[in-house]
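Peer 1: build me a model:
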Amino acid sequence: MATESDSVEPAGAGSSEGAGRPADGGRPAFRRVLIKLSGEALMGALDYGTDPERIRQIARQVARVHARGLEIAIVVGGGNIFRGMAAQAAGMDRATGDYMGMLATVLNALALQDALEKEQVPTRVQSALVISEVAEPYIRRRAMRHLEKGRVVIFAAGTGNPFFTTDTAAALRAIEMHAETILMAKNGVEGVYTADPREDPTAEFIPEITHMEAIERRLRVMDTTALTLCMENRLPIVVFNMSDERNIDRIVCGERVGTLVRS
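Peer 2: This next block holds a predicted model:
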């Protein structure tokens, strides 16, 4: 996957219908990517909820790479909303809790859509749960057509099924959309470490690792189901720090940022 020590080779090449030219005249290193945003990445410095400034910051980053002609899909989590109610949810049926979490992702998707449209980026929200008043139902071919026409597509409500995380939804949608890589945004963490660097100061940064190694070592990349899907479909993952506004643009330009997870 890596052609040089400081670059990432794209899985495919070429531009698609409706994609614009990069603002600086250069071509992006990828044609189509999926960005996975955790709910925590939307909190900013807050303990709970959505930070409007962080949403605007993310929208600016996405708008910048969208201007390069990149086709962008996004999967959002809901931990910033639902996990804040964990105490009240204690003892709740797991399936009920998961459906509540799916609804939280719809709230985040709508907030992100609003911020992107304020940056003049055409955006569509597709939900795995039917909420026709605020989002399109998830239809694979329609989503792919949106991407081909240069629209950012935000996938909400996970897979639409309980017992599956939004990590699994990200892996599934990336494979369905023929994305060349998943950009896994972390909140304040540079990539994958041997342990949680916020809890263990001796944790070591891992610049590159295979899907299988990440599964065997139980590293916090994605959940096991999602990692297995990516491994079976040879889909690389770039784990990076969302707090640095330059990072998505640097990755799209082919620079090595964060941790590369590949087969």
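Peer 1: in this structure, which helix or strand is least confident?
Peer 2: One helix or strand of the chain scores below all others by mean pLDDT, DSSP states H and E: helix 86-89, with a mean of 55.
Peer 1: pLDDT value on V8, please?
Peer 2: Confidence per residue is given as pLDDT, and for V8 that number is 44.
Peer 1: was I right about F164 contacting G158?
Peer 2: Yes: taking Cβ atoms under 8 Å as the contact criterion, F164 and G158 are neighbours in contact, 6.1 Å apart. (Each C-beta comes from the backbone N, C-alpha and C, glycine too.)
Peer 1: and these two? Which one has more around it.
Peer 2: Applying other Cβ atoms under 10 Å to F164 and G158 shows that G158 carries more neighbours, namely 29 against 18.
Peer 1: can you pull the contacts of that one?
Peer 2: Going by Cβ atoms under 8 Å, 6 or more residues apart in numbering, G158 touches D98, G101, M102, T105, A128, F164, T165, T166, T168, A169.
Peer 1: in helices, which of the residues you listed fall?
Peer 2: Members of the contacts of G158 lying in helices (criterion: DSSP state H): D98, G101, M102, T105, T166, T168, A169.
Peer 1: tell me, how many residues neighbour the third one?
Peer 2: It stands for M102. Under the neighbour criterion other Cβ under 10 Å, M102 is assigned a count of 24.
Peer 1: ditto for the last one
Peer 2: A169 sits with 26 neighbouring residues when counted by other Cβ under 10 Å.
Peer 1: list the contacts for it?
Peer 2: Residues in contact with A169 (Cβ under 8 Å, 6+ apart) are V75, A128, F155, G158, T159.
Peer 1: list the residues that contact the residue nearest to the second one when sequence neighbours are not counted.
Peer 2: Spelled out, that is A128. Closest residue to A128 apart from its sequence neighbours, by Cβ to Cβ, 6 or more residues apart in numbering: G160 at 3.1 Å. Taking Cβ under 8 Å, 6+ apart, we find G160 in contact with M102, A128, L129, Y138.
Peer 1: I55: which of those residues is nearest?
Peer 2: Within those, the smallest distance to I55 is 19.5 Å, found for M102 (Cβ to Cβ).
Peer 1: any idea which of the contacts of G158 is closest to E232?
Peer 2: T168 (12.8 Å).
Peer 1: my read: that closest one touches L227, true?
Peer 2: No: distance between T168 and L227: 9.5 Å, which falls outside the contact criterion (Cβ under 8 Å).
Peer 1: just the closest of the ones in helices among the contacts of G158 to D249, please.
Peer 2: The nearest one, if we look at the ones in helices among the contacts of G158 relative to D249 and count by Cβ to Cβ, is T166, at 24.0 Å.
Peer 1: so the closest one sits right up against I74, yeah?
Peer 2: No: here T166 lies out of contact with I74, judged by Cβ under 8 Å, at a distance of 11.0 Å.
Peer 1: which SS state does T50 fall under?
Peer 2: coil (DSSP: H, G, I helix; E, B strand; the rest coil).
Peer 1: anything in contact with each of F164 and G158?
Peer 2: Both F164 and G158 are contacted by D98, under the criterion Cβ under 8 Å, 6+ apart.
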